[in-house]
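Colleague: no sequence on this one, just coordinates:
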């Protein structure tokens, strides 16, 4: 530590939601370096570097606290009231423009929705959310890295045509209730294409890499010569790596052929086109001309509202039109998959995944730079798994700007994702409560938590999910405060339970617990994309791989621990009567693990094809970039082979008849 935090700095930090202390993964208190607190306050436009500036900031914070100022946003539930500050009288305006007088408080019983509250000259956005979402049914389904699927019809990467076949097959034949997808967020359409679905260019739009080219209406309408030209572009997977750049080059060329064959339609010129789509298409066209990093563009093009951008949009109109048209095609195929899931009888349909952030050089960072802290990267403090902490390279929302703007950007994001989804998984759901901010130039361990208005974040999420009739899953793994899981349960949102971590934290040695003791309001899985697959765990592949890459300080100790954990898991399977012998073959153990999953109390159980077909490599290895083929591993079996594989049939049999 480089000093102590005085009372004035502590008060100022608290007023702006910046933590001066926190508890680590072992619940031990940690004091934040005061220099880090000062830097983070500066990133929130609170200058405390000189005594004079600190006094002025403190006086302003105290004045706001005592003046009864109307907050920028008020969040409440339909079953609760909210006392009004100041004179206590105002006018509440609903989304239709209807006005009603309010005095003393905002009453309970308001209809869910967004309102404007006028009190004197002040205004505030009011978010009224249902108290909870409907109870989700008890079901099972799949968690799928869509890019990893491949079939005779796909082009070097799993696509929405593969997904439509997959949901129809598993819904009709297995009675599967849902498919949870990896994020299908948009890429920046210039090489190198970012393979990680968790570092997207935009979370509001979808990746054209997922398009099934030959399923487009434009392909069906094209003449034979054009279709032959499109067919000649089809790339093949070479080796065991997905070549994102090559796949995108082929699909972009095919899409351009079909767009021209359609007469070069221009959705961006339609006055009814959403401005967000127009901005995204403009960014994509500018990226083609100036490169994928907008911070290196000419200065006058670095903000979407500039006159220079408006002029560039006119100059680049054909490319803007093309990218807007491509997004329309992705949207239509996403809607088609959702319809296919419903037709196949899936009660929970298709669940999409919301990444925790976006690429700081991508479309969302360019378009939403006024509400993002672009100089910051979010991550995680040091813990047992990452002793130096984590920095993810993703800029966070600014909580002060969110509140001042009525959470408009956040609600627009959720609305865009839920348009073609029956549910939404929130990656790192604790980020709705607080995020670990790392100032520019600092290492990941030199950060602190910045708190958000969790009531408002959850109110928007609950309201938008309610409007869409969607399920919500929160990924609450790792160092997560208990109130996060409690808040999810209170709203009938599901948390996450992973077999490897389903332990009795209050018992000596923290042993694995039987599935009958797993939490009901949760999604049960064997693993996650950041953890070993079933076969990888049983063989200790996660230790071998990290050891070979120099990511472990003591490989022997890690190998010994992995062997003990394997023995403990097998003993649990034997004790549950799911395995006849601890010496059973690996595939019998894998089937027993899925039977264990099927027995869990959790409302939803999800299985991964990686686990069923003996893949030992996990999709992503945290702490690596190019040292490991993250997000580039196709499944070892094609979709056609997967449908008839006896390992899949055996494991699914234990899940398809889950107790209601």
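Modeller: Right, received. Where do you want to start? Treat the numbers as computed from the prediction; the structure is a model and nothing was measured.

Colleague: mind listing the helices for the stretch 151-300 of the chain?
Modeller: Assignment of helices within the stretch 151-300 of the chain using DSSP state H, counting those that start in this stretch yields the ranges 160-174, 217-221, 224-231, 244-261, 275-290.

Colleague: check this structure for its longest helix and report it.
Modeller: helix 317-343 (DSSP state H).

Colleague: tell me the buried residues in it?
Modeller: Neighbour-count burial for helix 317-343 flags 317, 319-327, 329-331, 333-334, 336-338, 340-341 (criterion: 16 or more other C-beta atoms under 10 Å). C-beta: built from backbone N, CA, C; applies to glycine.

Colleague: kindly report the same for stretch 159-175.
Modeller: Buried residues in stretch 159-175 (16+ other C-beta under 10 Å): 159-168, 170-171, 174-175.

Colleague: residue 268: which of those residues is nearest?
Modeller: Closest approach to residue 268 among those (C-beta to C-beta): residue 160, at 22.9 Å.

Colleague: the domain parsing of the protein - what is it?
Modeller: 7-67, 73-129, 139-331 (automatic domain parsing).

Colleague: now mean pLDDT and distance to residue 618 too, for these, in a markdown table please.
Modeller: Listed next are those as a markdown table, based on pLDDT from 0 to 100; distance: least, C-beta to C-beta, whole Å:
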| stretch | mean pLDDT | distance to residue 618 |
| --- | --- | --- |
| domain 7-67 | 91 | 21 |
| domain 73-129 | 93 | 37 |
| domain 139-331 | 97 | 11 |
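
Colleague: please identify the most buried of the ones you listed.
Modeller: Among the domains of the chain, ranked by average contacts under mean count of other C-beta atoms under 10 Å, first place goes to domain 139-331 (a mean of 19).

Colleague: between the two ends of that one, how far is it?
Modeller: 27 Å (C-alpha to C-alpha, to the nearest Å).

Colleague: equivalent analysis for stretch 170-187, please.
Modeller: Taking C-alpha to C-alpha, the first and last residues of stretch 170-187 lie 29 Å apart.

Colleague: at which residues are the strands of the stretch 351-500 of the chain located?
Modeller: Along the stretch 351-500 of the chain, counting by DSSP state E, counting those that start in this stretch, strands occupy 377-380, 390-391, 423-426, 434-438, 448-451, 471-474, 495-498.

Colleague: same check on the stretch 551-660 of the chain?
Modeller: Along the stretch 551-660 of the chain, counting by DSSP E, counting those that start in this stretch, strands occupy 604-607.

Colleague: and the stretch 1-150 of the chain, by the same measure?
Modeller: 21-23, 29-31, 73-77, 82-83, 89-93, 99-103, 105-106, 113-119, 122-129, 139-144.

Colleague: packing partners of the longest one?
Modeller: Spelled out, that is strand 122-129. Packed against strand 122-129 by the contact rule (3 or more C-beta pairs under 8 Å, 6 or more residues apart in numbering; DSSP states H and E) you find strand 73-77, strand 113-119, helix 454-468.

Colleague: the third one too?
Modeller: With contacts defined as 3+ C-beta pairs under 8 Å, 6+ apart, the secondary structure elements packing on strand 73-77 are strand 122-129, helix 399-404, helix 454-468.

Colleague: residues touching residue 329, list them.
Modeller: Residue 329 makes contact with 208, 211, 216, 218, 255 under the criterion C-beta atoms under 8 Å, 6 or more residues apart in numbering.

Colleague: got it, and residue 195?
Modeller: Contacts of residue 195 (C-beta under 8 Å, 6+ apart): 242, 244, 630-632.

Colleague: let me know the pLDDT of the closest residue to it other than its chain neighbours.
Modeller: Take residue 195 and drop its neighbours on the chain: the residue closest to it by C-beta to C-beta, 6 or more residues apart in numbering is residue 631, 4.2 Å away. With respect to pLDDT, residue 631 scores 97.

Colleague: the one 5 residues further on now?
Modeller: The per-residue pLDDT reported for residue 636 equals 94.

Colleague: shift numbering so it begins at 16
Modeller: In the new numbering, first residue 16, that becomes residue 651.
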